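K.L.:
Predicted model and sequence follow; I will ask about them next.
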Amino acid sequence: QVQLVESGGGLVQDGDSLRLSCTDSGTTFSSFSLGWFRQAPGKEREIVAAISRTGGMKHFADSVKGRFAISRDNAKKTVYLQMNNLKSEDAAVYYCAASGYYLGRSLAEYDYWGQGTRVTVSS
């Protein structure tokens, strides 16, 4: 069972950095690939970044390449999203999710979801 809880969201200014964390209170964290998604008002949920079970493979949306990084610590059962040079278009509710795929690349491949954490970017 996977139970994901995100933290780290907040209000930042354009160009600032923020690190999101997502911790699993279950026992099978290392068996799943993990992803970060975001959903802005009136828009569909989209994948931001994903990381494979061991962290050896990663996937990023084009819009965040070079600005965001994803990492995981299986011992701490935590996945991180480091967001640098934030822009107004990054403002959204960010969700972490777990997938049974080796590296989940789409929303449909994810089975377990956190409740989300809001990121607001002011210009």
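P.N.:
That came in fine, so what should we check first?
K.L.:
what's near enough to touch Leu34?
P.N.:
22, 50-51, 70, 72, 79, 96-99, 104 (Cβ atoms under 8 Å, 6 or more residues apart in numbering). C-betas here are computed from N, CA, C, even on glycine.
K.L.:
and which of those residues is nearest Ala61?
P.N.:
For these, the closest approach to Ala61 (Cβ to Cβ) belongs to Ala50, at 9.4 Å.
K.L.:
now the chain, which segments are flagged as low pLDDT?
P.N.:
For the chain, applying pLDDT under 70 flags no range at all.
K.L.:
mind redoing it with 90?
P.N.:
Scanning the chain for pLDDT under 90 picks out the ranges 1-2, 26-28, 123.
K.L.:
Please identify the helix or strand for the residue positioned nearest the centre of the chain.
P.N.:
Most central in the chain under Cα atoms, centre = their mean is Trp36, positioned 2.2 Å from the mean C-alpha point. Take DSSP states H and E as the rule and Trp36 turns out to sit in strand 33-39.
K.L.:
immediately after that strand, which helix or strand?
P.N.:
Immediately after strand 33-39, counting by DSSP H and E, sits strand 46-51.
K.L.:
Just the buried residues of that following strand, please?
P.N.:
Neighbour-count burial for strand 46-51, counted by 16 or more other Cβ atoms under 10 Å, picks out 47-51.
K.L.:
Alright, that wraps it up for me.
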